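predicted coordinates and the sequence they were generated for:
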Amino acid sequence: MRAERLLDANLNRAREGLRTLEELARLILEDTDLAESFRTRRRRLGELGEAQLPDLLPQRSAATDPGMAPEVAAGLRRDLSDVAAAAAGRVGESLRVLEEVGATVSPAFSTGIQAIRHGWYDLDRDLRLRLGARKPLIQPRLCVLLTRELCPEGDWTRVVDALAEGGVDMVQIREKSCSDGELLRHAEVVRSKLPSSTRLVINDRVAVAATLGLDVHLGREDLPTLAARHLLGRDVQIGRSTSGLAEAQQALAEGADLVGVGPMFVSATKDKPPVGPAAAGTVASAGIPHLAIGGVDLQNIDVLCEHGVAGVAICRGVLEASDVAGTVHAIQSRFGLVAEGPSCL
């Protein structure tokens with residue numbers, strides 16, 4: 001029995017992983033020496049394969065691989081550190097296979113792999129420490145969409161004070177008509193009234209979010225996620241509006257951290273037809289951080305719970321409540337924390 005086919009698969013896997021790590025070092029960290037360390041190993045792998053195992057290519061046959069399955073998307077990559085960890089894992093595993101199995105075909109090949117593996121784990125560690133790990137996003141139970149003109153009698157300060165009292169998870173400032181300067185001053189006041197445990201998000205306005213160091217939520221027609229990430233930095237969390245699973249997966253692939261899914265029901269603030277609770281339930285089942293939005297209130301949360309929804313975004317249903325703090329508490333108490341699963345209590 002010959003091992004060339006196995007070696008070919010692992011050579012390709014290791015080189016692909018090394019290329020990913022090389023690009024992270026070159027284009028993200030802009031570290032020439034680190035990038036060259038990965039590039040040297042990648043090229044050396046190719047040279048070893050050509051010199052010591054010249055008959056690999058004819059052994060390649062995906063059609064007869066009993067382990068092949070329909071293509072499955074990669075697991076969630078929450079940040080570049082996750083990308084590096086996945087790539088490094090593929091490289092480390094493949095190098096071990098190449099060293100051990102390669103010895104049965106070419107001792108010189110196996111010796112060459114040993115040289116490539118030398119110092120590998122230190123190199124992997126250095127890259128991932130440099131990239132760092134972003135603070136994980138905690139699935140919010142309730143995001144209140146704060147619009148001043150929708151607050152009773154325009155008394156938004158009373159509403160914000162009540163949101164703080166209720167311990168709301170997240171507040172998104174949504175002011176479509178005011179200037180950036182006015183929005184910036186307003187956001188500073190809102191931030192001063194909320195506890196540090198409440199996430200404050202700016203709707204649409206990337207420049208204001210960047211100025212204040214706040215998270216941002218972007219609609220379908222707003223700045224692309226990658227462009228927003230370039231302006232905001234890697235640690236700011238970006239939300240994106242979607243209508244279902246396909247758009248939510250695309251948003252995450254483009255670098256979003258959280259998706260709004262909707263509209264759930266007929267809504268005075270949304271002019272689109274409802275997609276229904278099942279759409280948000282499908283996103284929730286995929287493990288994507290989410291907020292069901294559009295016509296949601298305390299009265300229809302139970303149907304969202306039945307579909308496994310873990311969090312909601314609400315505007316009028318909270319802003320116009322006679323007891324804002326009590327409503328916040330009632331809504332948030334319906335949902336379990338992330339550690340306990342996304343189901344409603």
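Looks like it arrived, so ask away. Residues are numbered from 1 along each chain as shown.

from here on, just use CA atoms for contacts and neighbour counts.
Fine.

in the protein, which helix or strand is least confident?
Scoring the helices and strands of the chain by mean pLDDT, DSSP states H and E places helix 120-131 at the bottom, with a mean of 84.

so which elements touch that helix?
helix 80-102 (3 or more Cα pairs under 8 Å, 6 or more residues apart in numbering; DSSP states H and E).

now the helix it packs on, how far from the centre of its chain.
Relative to its parent chain, helix 80-102 has a centroid offset of 23 Å by Cα atoms, centre = their mean, to the nearest Å.

got the contact list for residue 152?
By Cα atoms under 8 Å, 6 or more residues apart in numbering, the contact list for residue 152 reads 319-320.

repeat that for 10 Å
158-159, 316, 319-322 (Cα atoms under 10 Å, 6 or more residues apart in numbering).

quick one: which of the residues you listed is nearest residue 224?
Taking Cα to Cα as the measure, residue 224 lies nearest residue 316 of the contacts of residue 152, at 28.3 Å.

hmm, back to that, farthest-apart pair in the contacts of residue 152, please.
Across these (Cα to Cα), the longest gap, 14.8 Å, separates 158 and 316.

in terms of neighbours, single out the busier of those two.
Counted by other Cα atoms under 10 Å, residue 158 and residue 316 do not tie: residue 316 has more neighbours, with 20 against 14.

give the contact list for the more buried one.
Residue 316 neighbours (Cα under 10 Å, 6+ apart): 144-147, 150-152, 267-269, 295-297.

pLDDT below threshold where in the chain?
In the predicted model, the chain carries pLDDT under 70 at residues 1-2, 54-78, 133-135, 269-270, 336-345.

so where do the helices sit in the stretch 201-345 of the chain?
Assigned by DSSP state H, counting those that start in this stretch, the helices in the stretch 201-345 of the chain fall at 206-212, 225-232, 245-253, 277-285, 301-306, 316-319, 324-333.

distance to residue 96 for those helices - can I get that in a markdown table?
Output for the helices of the stretch 201-345 of the chain, formatted as a markdown table (distance: least, Cα to Cα, whole Å):
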| stretch | distance to residue 96 |
| --- | --- |
| helix 206-212 | 45 |
| helix 225-232 | 36 |
| helix 245-253 | 30 |
| helix 277-285 | 35 |
| helix 301-306 | 46 |
| helix 316-319 | 57 |
| helix 324-333 | 49 |
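
which of the contacts of residue 152 fall within strands?
The members of those all map outside strands under DSSP state E.

which residue packs closest to residue 112, ignoring adjacent ones?
residue 48 (7.0 Å; Cα to Cα, 6 or more residues apart in numbering).

in stretch 239-258, which residues are buried?
Residues of stretch 239-258 classed as buried: 239-245, 247-249, 251-252, 255-258 (neighbour count, 16 or more other Cα atoms under 10 Å).

and of the residues you listed, the nearest to residue 41?
Looking across these and measuring by Cα to Cα, the closest to residue 41 is residue 255, at 28.8 Å.
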